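Chemist: here's my sequence, what's the structure:
(2 chains)
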Amino acid sequence: MSFTGSPMTEAMYYILLALMNPNHGYQLMGAIEQVSNGRIKMGPGTLYGVLTRLQKDELIVILNDDGRRKTYAVTEDGRSALKVEYKRLKDMIQDGISLEERL
Amino acid sequence: MGKLVKRLMLDNIYAIGRNESWFSDMAKNGLHLKKIGCFFIYFEKGKPKETNYRIDIIMKKPSQEQMDVYHDCGWDIVANHESFYIFSADKKSFIAELHTDPIEQGFSLSDLNKRLKNNLIIISIAMFHQSLECIRTK
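Modeler: Okay, the predicted model is just below:
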C-alpha cells in the first residue's frame, strides 16, 4: 500500500526518525529502540516490511550496498513526510492538553 | 537427517494462525516442519521441542542480509511456498516477535490480496479468450 499522507504507522514513523542518520538492518533495530527510549522493540518482519514499502514510496533510499549489507537513508520526500507527521502529532498533543487538568 | 514424515495439508496456507499452531503442536510431538508442497507437508522426526512458528508474506525473495537479521533475532527460515515464508524460533531462546505492528503486517496481506485479484483477472481473461476460440472453431 503506497503512502498517501498522514497518519503514519508507529513503525513507519520511528524507522524514518531513526534513518535521519543512515543505517543498516540490525543496527537500525537498535537505533529505533534508542530513539524511542526503549519503548519500541521492533520485530525483524515489521522492520523489513516497512523498509520495502518506504523504498517503494521513495521515502528512503539505499545509500550503499556492498553485497553483504545495505545502508538506508531518508530522502527529501521522507524528511517532508516526517515533518508533516511530527506537526500532526504535536497538534494532537496540543488539542488534548486540557486533559492534564481533568485527569 | 531424521526420517521424513508426510502429512496431508488439511488447511489452506492462508489459514496463517491455524497452521502456525499446528506446526508448533507437531514439533511438541517430535515432528519438525521441513518442506511444504502443494498438497503435502513434510516433517522431520526428531526430539520433541517447544518451537514457535510464524508465517510471513514476503513478495520479493529476501536478501541474505534480511535472513541474517531474522537469524540474529532468533528466527530461522524453515520452508517457503511462493510468497509464504515459514520461520521457526526455539521458545527457550525466543528474543523478539517477528511482527510487532499489526497494521504493517496487514499491508503485506493487502499486497498478497492485490496479487491474487490480478491473477484471477488474468485467468478469467485467458478462459474467456479460450472459450471464444472454441466457439470460433466449431
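Chemist: contacts only, for the residue lying closest to A:I15 once chain neighbours are set aside.
Modeler: For A:I15, ignoring the flanking residues on the chain, the nearest one in space by C-beta to C-beta, 6 or more residues apart in numbering or on different chains is A:V50 at 5.2 Å. Bear in mind the C-beta positions are built from the backbone N, C-alpha and C, glycine included. In this structure, A:V50 makes contact with A:9, A:11-12, A:15, B:101, B:104, judged by C-beta atoms under 8 Å, 6 or more residues apart in numbering or on different chains.
Chemist: next helix or strand past whichever strand or helix holds A:V50?
Modeler: Element membership of A:V50, judged by DSSP states H and E, is helix A:44-56. Note on helix A:44-56: by DSSP H and E, the next helix or strand toward the C-terminus is strand A:60-65.
Chemist: quick one: mean pLDDT over that following strand.
Modeler: The average pLDDT within strand A:60-65 is 94.
Chemist: what comes up buried for that strand?
Modeler: Burial within strand A:60-65, assessed by neighbour count using 16 or more other C-beta atoms under 10 Å in any protein chain shown, is assigned to A:60-61.
Chemist: and the longest helix seen in chain B, what's buried?
Modeler: Assignment by DSSP state H gives helix B:102-137 as the longest helix of chain B. Neighbour-count burial for helix B:102-137, counted by 16+ other C-beta under 10 Å, picks out B:104-105, B:107-108, B:111-112.
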